[in-house]
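> Test case, fold it:
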Amino acid sequence: MTPQSAPPYRRGIRINRGQFLHHILQVFFVGLVIGMERTVLPSMSGDFGVAKGSFLFLLSFVLSFGLVKGMLNFVAGSLADRFGRKRVLVAGWLAGLPIPFLVLEARNWWWIVAANVFLGVNQGFAWSMTIMSNLDITRPQERGLATGANESAGYLAMGVAGVATGYLSVRFGPRLALFGFGLAVVLAALAMAVLFVRETLPWARAEYDEHKEGSFSGPRPRFPRGVPDHPGAKEIFLLCSFRHPTFRALSQAGVANKIADTLVWGLFPVFFWSRGLSLTEIGWLTGLYAMAWGVAQTATGHLSDIVGRKKPIVGGLWCLGGGIVGVVLSQNLFLWGFFACVMGIGMALLYPTLGAAVADISPPAWRGRAVGTYRYWRDSGYAVGAVLLGLLAQWKQDTEIAFWTTAVLLGLSGLWVATGSEETHPGLNPADESGSDG
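Purely as a prediction, here's the structure:
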């Protein structure tokens with residue numbers, strides 16, 4: 001093919017490596033922002049007026065984050081399909097600017113809850129757009145690798161931020177450390193988004209045209225049957241949430257894995273603090289979980305391009321649950337670190353694969369809203385987890401019941417995916433000649 005006849009919006013990681021790497025860098029910044037909270041704030045919640053044993057109040061900051069991020073994931077998908085990915089990404093970084101100031105000036109825990117409302121907006125817009133943009137510019141058989149690389153960067157950054165802010169807080173104090181770290185990250189990310197990130201919506205529109213004209217050359221995806229070319233937001237939400245069995249199974253798995261992450265975010269530091277560990281030791285444990293999650297995703301995302309999506313998702317849910325059981329049964333720092341890594345590997349198996357599976361069966365014309373619906377349910381898991389785990393811990397005045405409950409939920413969620421969904425990888429389970437999921 002000569003350069004003159006080449007299509008203007010060619011898909012592929014190698015062809016679009018410059019933009020692909022810019023989106024990876026953007027999600028690294030996103031991970032740094034959310035990671036800076038994971039070591040210091042729950043451990044030092046007493047300094048912000050949270051009484052010992054007030055687990056539900058403690059987890060209110062995760063609740064506010066989950067509610068806002070979940071809703072804005074869906075909104076972000078709709079806005080991205082209409083106005084483009086880059087504008088939503090920049091809006092997400094603008095929403096992140098108040099976070100370090102609210103943490104610095106916080107007079108009580110409600111200021112932290114308010115900061116996490118802005119964090120939810122930031123994450124809902126910015127992280128969603130980095131994933132969506134990389135899905136736009138990659139080929140279907142590369143989507144596992146693309147989402148794996150994206151999530152890997154984000155969760156590796158989360159681990160780095162957890163360790164770094166643990167040390168910085170010992171050196172400068174929690175408030176000043178989080179303020180300086182957070183402000184520097186948000187300003188750098190905003191500047192790079194404005195200057196270097198390109199709009200990728202034209203790639204999605206070009207792919208839609210290829211499907212419509214019958215010129216699409218890749219494996220035939222299992223798009224849902226009987227859906228118009230341009231369904232409304234309500235129709236997409238109901239389809240992806242309840243009506244389509246595979247979308248439904250993937251969405252509930254998203255909720256389950258975020259309940260587990262709520263446990264790590266809100267109750268891991270409290271659990272380890274109550275067993276006499278220091279802030280830096282807690283930072284290493286939460287950091288090991290996030291870094292194992294982050295590093296392993298580069299391999300597990302690509303693995304799902306080879307073996308399919310379903311096996312890594314089911315295996316990941318069960319591995320994550322097993323790691324949680326290991327943590328609560330262990331009694332020393334080495335074993336806690338080992339099982340934190342097991343949990344991270346479980347997350348790495350399931351997390352990028354869920355996103356790739358949703359993208360596999362979402363037509364490009366409404367992929368943004370379909371991915372947004374899945375991400376709405378997934379991040380609503382933070383709110384579900386905060387209420388459920390907070391109430392259980394409050395009731396028992398102990399965190400262990402939250403660990404056991406989360407492990408059981410993950411086991412059941414894996415069983416649901418194993419028995420209630422189909423393989424979505426178009427190369428391993430293509431649609432019939434009609435192009436439907438039939």
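> wait, residue 372 sits on residue 71?
No. Residue 372 is not in contact with residue 71 according to CB atoms under 8 Å; the separation is 10.0 Å. Backbone N, C-alpha and C define where each C-beta goes, glycine included.
> For these two, work out which one has more neighbours and name it.
Set residue 372 next to residue 71 and count neighbours by other CB atoms under 10 Å: residue 372 wins out with 29 against 18.
> Now the host helix or strand of residue 195: buried residues?
Residue 195 belongs to helix 174-196 when assigned by DSSP states H and E. Residues 174-175, 177-179, 181-183, 185-186, 189-190, 193 are the ones in helix 174-196 that count as buried (16 or more other CB atoms under 10 Å).
> Quick one: distance of it to the chain centre.
Centre-to-centre, helix 174-196 and its host chain are 20 Å apart (CA atoms, centre = their mean, to the nearest Å).
> quick revisit: what's the closest of the buried residues of helix 174-196 to residue 352?
Among the buried residues of helix 174-196, residue 189 lies closest to residue 352 (CB to CB), at 21.1 Å.
> wait, what's in contact with the closest one?
Residues near residue 189 by CB atoms under 8 Å, 6 or more residues apart in numbering: 26, 29, 30, 33, 93, 96, 126.
> quick check, nearest of those residues to residue 54?
Closest to residue 54 out of the contacts of residue 189 is residue 33 (25.8 Å), distances taken as CB to CB.
> ok, back up a step: for the contacts of residue 189, pick the one with the most neighbours.
Highest neighbour count within the contacts of residue 189: residue 30, with 30 neighbours (other CB under 10 Å).
> picking up where we left off before, among the contacts of residue 189, which lie within helices?
Taking DSSP state H as the definition of helices, the contacts of residue 189 contribute 26, 29, 30, 33, 93, 96, 126.
> can you list those in a markdown table and add distance to residue 284 and pLDDT?
Shown next, in a markdown table, are the ones in helices among the contacts of residue 189 (distance: CB to CB, whole Å; pLDDT from 0 to 100):
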| residue | distance to residue 284 | pLDDT |
| --- | --- | --- |
| 26 | 27 | 94 |
| 29 | 22 | 94 |
| 30 | 22 | 91 |
| 33 | 20 | 90 |
| 93 | 29 | 95 |
| 96 | 26 | 94 |
| 126 | 27 | 91 |
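> Quick check: the closest residue to residue 303 other than its chain neighbours vs residue 62, distance?
Closest residue to residue 303 apart from its sequence neighbours, by CB to CB, 6 or more residues apart in numbering: residue 312 at 6.2 Å. Distance, residue 312 to residue 62, by CB to CB, to the nearest Å: 26 Å.
> Same question for residue 132.
Counting by CB to CB, the gap from residue 132 to residue 62 is 24 Å.
> Reformat the contacts of residue 189 into CSV and put distance to residue 205 next to each item.
As requested, these are exported to CSV (distance: CB to CB, whole Å):
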residue, distance to residue 205
26, 22
29, 27
30, 26
33, 31
93, 25
96, 29
126, 22
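> Helix or strand for the residue nearest to residue 303, just tell me which one.
With DSSP H and E as the test, residue 312 turns up in helix 310-329.
> Please name every helix or strand in contact with that helix.
Applying 3 or more CB pairs under 8 Å, 6 or more residues apart in numbering; DSSP states H and E, we find helix 310-329 packed against helix 245-262, helix 279-307, helix 333-360, helix 400-420.
> helix or strand right after the least confident helix or strand in the chain by mean pLDDT?
Lowest on mean pLDDT, DSSP states H and E among the helices and strands of the chain sits helix 40-43, with a mean of 70. Proceeding N to C from helix 40-43, the next assigned helix or strand is helix 55-58, under DSSP H and E.
> okay, the angle between the helix holding residue 312 and helix 400-420?
160 degrees (axes from the mean of the first three to the mean of the last three CA atoms, to 10 degrees).
> Tell me the buried residues in helix 310-329?
310-328.
> Equivalent analysis for stretch 235-252, please.
Within stretch 235-252, the residues that count as buried by 16+ other CB under 10 Å are 236-237, 239-241, 244, 246-252.
> wait, which of the residues you listed is closest to residue 275?
residue 252 (32.5 Å).
> I'd assumed residue 413 was in contact with the closest one.
Yes. In this structure, residue 252 is within contact of residue 413 by CB under 8 Å, at 6.2 Å.
> Just confirm residue 200 contacts residue 137, I think it does.
Yes. Under the contact definition of CB under 8 Å, residue 200 touches residue 137, with a separation of 5.4 Å.
> what sits in contact with each of these two?
Counting by CB under 8 Å, 6+ apart, the common neighbours of residue 200 and residue 137 are residue 19.
> Burial check on residue 398, number of neighbours?
The number of residues packed near residue 398 is 15, by other CB under 10 Å.
> Take the buried residues of helix 174-196 and write them to CSV, including pLDDT and distance to residue 420.
Below are the buried residues of helix 174-196 laid out as CSV (pLDDT from 0 to 100; distance: CB to CB, whole Å):
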residue, pLDDT, distance to residue 420
174, 83, 44
175, 86, 47
177, 90, 45
178, 90, 42
179, 93, 46
181, 93, 42
182, 93, 41
183, 95, 45
185, 95, 40
186, 96, 40
189, 96, 38
190, 96, 42
193, 95, 38
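> give me the low-pLDDT residue ranges for the stretch 101-250 of the chain?
214-218 (pLDDT under 70).
> try 80 this time
140-141, 143-144, 159, 208-222, 226-230 (pLDDT under 80).
> Name the nearest residue to residue 340, sequence neighbours excluded.
Among residues not flanking residue 340 along the chain, residue 289 sits closest, at 4.2 Å (CB to CB, 6+ apart).
> Would you mind measuring from that neighbour to residue 297?
According to CB to CB, residue 289 and residue 297 sit 13 Å apart.
> Could you check how many residues crowd around the nearest residue to residue 269 once chain neighbours are set aside?
In space, residue 269 comes closest to residue 42 once its chain neighbours are excluded; the distance is 4.0 Å by CB to CB, 6+ apart. Residues near residue 42, counting by other CB under 10 Å, number 25.
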